[in-house]
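Please find the sequence and the predicted model below.
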Amino acid sequence: MYIRKVALASLLLASGSVFADNNISLPSTNFNFDIQTVSAQSTYQPSIAFVNDGKTYIKFPPTVTKDNLPIILVDQLPNHSAPIISYQGSYVVVNQPATQVKIFNPKTRKLLYQLRLQNHFNYGDVKPSPYILPYEFQGLFMGINLGMATIDSKGYKPAAGMKLGYDWSLSKKYGFMAGFELGANYDGQKTTDSQTVKSWNMNLMFRAKYQFQSGFNLVAKAGPAYVWNSDQANDSIDNSIAARAGVQAGYLFANGIGLSLEYDHLFSNSKVNSVNSFSGGVSYIF
């Protein structure tokens, strides 16, 4: 239910100085908007929203700066490129007209407010599609993986792992990201007539990621791993540093939860065995 509707008269009184600062033309500006409160948080509650000269302007309290902007999702316009959101003066500016805007807490990804702006174009021509903004999803992440692995191609056995890492956004317009992850893995075991070998490793993987606005993403990664192979028959353990590489495809939800399918290969050397593993994972971006 919309709990507040701001009309033209009150906005003119409250924000007259804004127009001089931003050269906004009053005749072309539509000031009617509704606010739906989903989870109230005064820090990010907008006070003004309007469309002018093909752009959407949203004014927040002084507590909002370019360093703690909320996550803002808008509808994708037909035959338009992805919207670009910037901070200009005291306004968040979207480089396209919008009819619906969703405002999320930047840390918890919790939906706080929904805005609906009225009457500046035919909303029926717009398909609602709350795209992910890739650059908002840089940061610390952690995850776990469960799957199957084979040592020296001697049959698949259960395997598991966990990881902790960080991704940095390389572009606000495109979804290119780079980062690293620290991982710990149990890569299963192989059993022959004379021995049972188990494999563990800890690794540092450097990542290249592309985050599509639809939520899908692709990751390639590689790095060194410290590997332990235990031979239970001989009561011995071999350890060595070996190379590890992997690829994954995943989907990231707007609340920061991600799902993925992953393939990893651990390269053998004179002391440790090769491993091929396939797994599914769940992760969370803080």
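Cool, got the structure. In this text the structure is predicted, and so the values were computed from the model without any measurement.

okay, CA-based contacts and neighbour counts for the rest of this
Fine.

quick one: low-confidence parts of this protein?
Within the chain, the segments meeting pLDDT under 70 span 1-33, 76, 118-136, 172, 232-235.

Can you tell me how far the spatially most central residue of it is from residue 42?
Nearest residue to the geometric centre of the chain (C-alpha atoms, centre = their mean): residue 137, 3.3 Å. Residue 137 is 23 Å from residue 42, where distance means C-alpha to C-alpha, to the nearest Å.

And residue 152, by the same measure?
For residue 152, the distance to residue 42 - C-alpha to C-alpha - is 58 Å.

These two - which one has more neighbours?
Using other C-alpha atoms under 10 Å as the criterion, residue 152 and residue 42 rank with residue 152 on top: 16 against 11.

what's the nearest residue to the more buried one if we skip its chain neighbours?
residue 274 (5.4 Å; C-alpha to C-alpha, 6 or more residues apart in numbering).

mind checking the backbone torsions on that neighbour?
phi -80, psi 150 (degrees, to the nearest 10).

beta partners for residue 247?
Taking DSSP bridges, one finds residue 220, residue 263 as the beta-bridge partners of residue 247.

Residue 57 against residue 89, yeah?
No - counting by C-alpha atoms under 8 Å, residue 57 sits too far from residue 89 to count as a contact (10.9 Å).

And these two? Which one has more around it.
residue 57 (23 against 13).

which ones are touching the more buried one?
Contacts for residue 57 (C-alpha atoms under 8 Å, 6 or more residues apart in numbering) come out as 48-51, 91-94.

In three-state terms, label it for me.
strand (DSSP: H, G, I helix; E, B strand; the rest coil).

next one: the one 5 residues further on
When states are read from three-state DSSP, the local structure at residue 62 comes out as coil.

how close does it sit to residue 90?
Taken as C-alpha to C-alpha, the span from residue 62 to residue 90 is 8 Å.

out of the two, which sits in the busier spot?
residue 90 (18 against 9).

Hmm, residue 60 and the more buried one touching each other?
Yes - counting by C-alpha under 8 Å, residue 90 does reach residue 60; the two are 7.3 Å apart.

Next up, the contacts around residue 61.
43-47.

try it again with 10 Å
42-48, 90-91 (C-alpha atoms under 10 Å, 6 or more residues apart in numbering).

Now tabulate the residues you listed in TSV and tack on secondary structure.
Formatted as TSV, the contacts of residue 61 follow (three-state DSSP):
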residue	secondary structure
42	helix
43	helix
44	helix
45	coil
46	coil
47	coil
48	strand
90	coil
91	strand
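
What subset of those residues is buried?
By neighbour count, with 16 or more other C-alpha atoms under 10 Å, the contacts of residue 61 hold 44-46, 48, 90-91 as buried.

ok, of the residues you listed, which one's closest to residue 202?
Nearest to residue 202 among the buried ones among the contacts of residue 61 is residue 44, at 41.3 Å by C-alpha to C-alpha.
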